[in-house]
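Participant: Predicted coordinates and the sequence they were generated for:
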Amino acid sequence: MHSPHLRVRIAHFNNVANMAFNYVLALRRHGQDATLIFERDTHEFSRPEWESPNALRERWVKPIQTLSGKAGLVGLRSASAILELSNYDFISAWDTGPIWAQWAGKPYVVHSAGGDLFAAVEGRTPRQWLLRRGYEHAKCLVYYLPYQKNAIGRLRTRRLAFARLPIDEDRYSPGPESGQFSDLRHWETLLFCPSRHNWQLKGTDVMLRAYADALRVEENINLVLVSWGSDLEKSRELCTHLGLGGHITWIPPMNKEDLIGMYRTCDVVLDQFVLGSYGMTAVESLMCGKPVVIKIEGYEDHYTDPLPFVNSHDQHDLADSIVTLAQDHSLIGVKSQESRLWALKHHSYASVSAEYLQLVSELTA
């Protein structure tokens, strides 16, 4: 565990899907001086106000101007960003953040939670080359997804650490069904898939075909889908082709309060069925006490206790999992308890902060 006397000024730089923002919230809850610095013109779901509407009022949330665009502007803005980062004792760099963190003259780690790693490995453009250099000069590369190990092997990293994403265990918690979604409860089993429609990365098409197979066995089921993602129209067409219209409810992207309400209202969450890894959506669901059906592999080296997911590797597996859960709500209850307890152990603000601060302590000793 980390030393309670560790006192360093920590900056988390850039904010993919509010992962960095959650780290900062977790650290501040446990008495640490942590700040979020992020590029203002980022994707809506990566802005701290998406997670917490009043976030920008906090002195420890610092938006900066975008670091992409015309060379002259980027040069000036880059100098300003590097100067800002140099005010901290330790930097956690996310996404393209390592491009600038490496010049701040302070110890830093890189957090890789997605496609930034593969851009660094390519190293073809000047920006990718700088990103790769940032990865390779970091004191540690922190990664979250087992499938990243192959790509990581192509980099000269100083140290590797597998880590877990922090989720606010107080906010994301079991609770009463949301009145906003009460009309959906006339179905005996309510499934919810909050993941974006991306057939290549999320396997949305596999999920929809499996759902159609399950409905041939168990009819009293409804699936709630969110209208977002690059393959949204393809998914709508496939739903029509499979005759799912009467068993699908489409809803627009939700703010986090409504999303928590939907987690609490549904019986089971469906996530992704390609990459074999889990991310924020799965952990939020588990923390709300919901069974998560997902494709999972490669975590054997990282956990001593069994993962609580309902593991489904293909369309047949997934259809069977849906039918099994729909026909046995006592099993849903058991999986719900397992999910919450496991998420508290591995993904709570308390547990992730302790692990992170232990790493910071070792790297700054």
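Facilitator: Thanks, I have it.

Participant: and stretch 112-119, how far from the chain's centre?
Facilitator: Between the centre of stretch 112-119 and the centre of its chain there are 13 Å (CA atoms, centre = their mean, to the nearest Å).

Participant: Can you get me the start-to-end distance on that stretch?
Facilitator: Terminal residues of stretch 112-119 lie 11 Å apart, using CA to CA, to the nearest Å.

Participant: Could you tell me which residues within that stretch count as buried?
Facilitator: Buried positions in stretch 112-119, judged by neighbour count with 16 or more other CB atoms under 10 Å: 112, 113, 114, 116, 117, 119. The C-beta positions use only the backbone N, C-alpha and C, and glycine is treated the same way.

Participant: so how far is residue 234 from the third one?
Facilitator: Pointing back at residue 114 there. To residue 234, residue 114 is 22 Å away according to CB to CB, to the nearest Å.

Participant: Also the fifth one?
Facilitator: Taking CB to CB as the criterion, residue 117 is separated from residue 234 by 27 Å.

Participant: Ok, the last one next?
Facilitator: Counting by CB to CB, the separation of residue 119 from residue 234 is 26 Å.

Participant: do the first one as well
Facilitator: The gap separating residue 112 from residue 234 is 29 Å, by CB to CB.

Participant: In this structure, which helix is the longest?
Facilitator: For the chain, the helix reaching the highest residue count under DSSP state H is reported as helix 329-347.

Participant: how about the nearest residue to residue 214, chain neighbours excluded?
Facilitator: Beyond its immediate neighbours in the sequence, the residue positioned closest to residue 214 (CB to CB, 6 or more residues apart in numbering) is residue 322, lying 4.0 Å away.

Participant: Could you export the host helix or strand of the one you found as PDB, CA atoms only?
Facilitator: Per DSSP states H and E, residue 322 falls inside helix 315-327. As requested, C-alpha coordinates have been extracted for helix 315-327 and formatted as PDB (Å, rounded to 0.1, in the frame of the first residue of the first chain):
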ATOM      1  CA  GLN A 315     -22.700 -15.800 -31.400                       C
ATOM      2  CA  HIS A 316     -23.800 -19.200 -30.100                       C
ATOM      3  CA  ASP A 317     -22.200 -18.500 -26.600                       C
ATOM      4  CA  LEU A 318     -23.900 -15.100 -26.400                       C
ATOM      5  CA  ALA A 319     -27.400 -16.400 -27.400                       C
ATOM      6  CA  ASP A 320     -27.100 -19.200 -24.700                       C
ATOM      7  CA  SER A 321     -26.000 -16.600 -22.100                       C
ATOM      8  CA  ILE A 322     -29.000 -14.400 -22.800                       C
ATOM      9  CA  VAL A 323     -31.400 -17.300 -22.600                       C
ATOM     10  CA  THR A 324     -29.900 -18.700 -19.400                       C
ATOM     11  CA  LEU A 325     -30.100 -15.300 -17.600                       C
ATOM     12  CA  ALA A 326     -33.600 -14.600 -18.900                       C
ATOM     13  CA  GLN A 327     -34.900 -17.900 -17.700                       C
END
